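Asker: pasting the sequence and the predicted model now:
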Amino acid sequence: MLTRASQLNGCAYCLDIHMRLLPGHTQQGRARERAALAWCETVTRLDPVHGVPDEVHEEARALFSEEGLMDLAMVVIVINGWNRIAVPSQADVGGYKPARH
């Protein structure tokens, strides 16, 4: 979901970070993943007139609790904020090194 929001926002810096942190990460398949991605796209591209389309909200509510949906929304809001810092500041893409644990 973080990678999708960063893709939608054109943030190569954040996309690079998330791809390095999640090797082998895929955005395929299951209903919850599809619903979470649809929610991510809707929250990122929030329509100023219609907000969240009913079909996206209904699908997400069928698969996530209200708390779960708000958690998803907060994750999307946070990455959108970081994207809006990294893109205009022209952050150096490729320089991020994940910490070793």
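Answerer: Perfect, thanks for sending it.
Asker: switch to C-alpha atoms for all contacts and neighbour counts from now on
Answerer: OK.
Asker: can you map out the helices along the chain?
Answerer: Using DSSP state H, the helices assigned to the chain run over residues 2-8, 12-21, 31-44, 54-63, 66-86.
Asker: for residue 92, which of the ones you listed is the nearest?
Answerer: Closest to residue 92 of the helices of the chain is helix 12-21 (CA to CA; 6.7 Å).
Asker: mean confidence score for the closest one?
Answerer: Computed over helix 12-21, the mean pLDDT rounds to 80.
Asker: next one: stretch 79-97
Answerer: 88.
Asker: which other residues reach it?
Answerer: The contact list for stretch 79-97, computed with CA atoms under 8 Å, 6 or more residues apart in numbering, reads 2, 5-6, 9-14, 16-17, 44.
Asker: who wins for most neighbours among those?
Answerer: residue 14 (27 neighbours; other CA atoms under 10 Å).
Asker: who are the neighbours in contact with it?
Answerer: Residue 14 neighbours (CA under 8 Å, 6+ apart): 3, 6, 82-83, 86.
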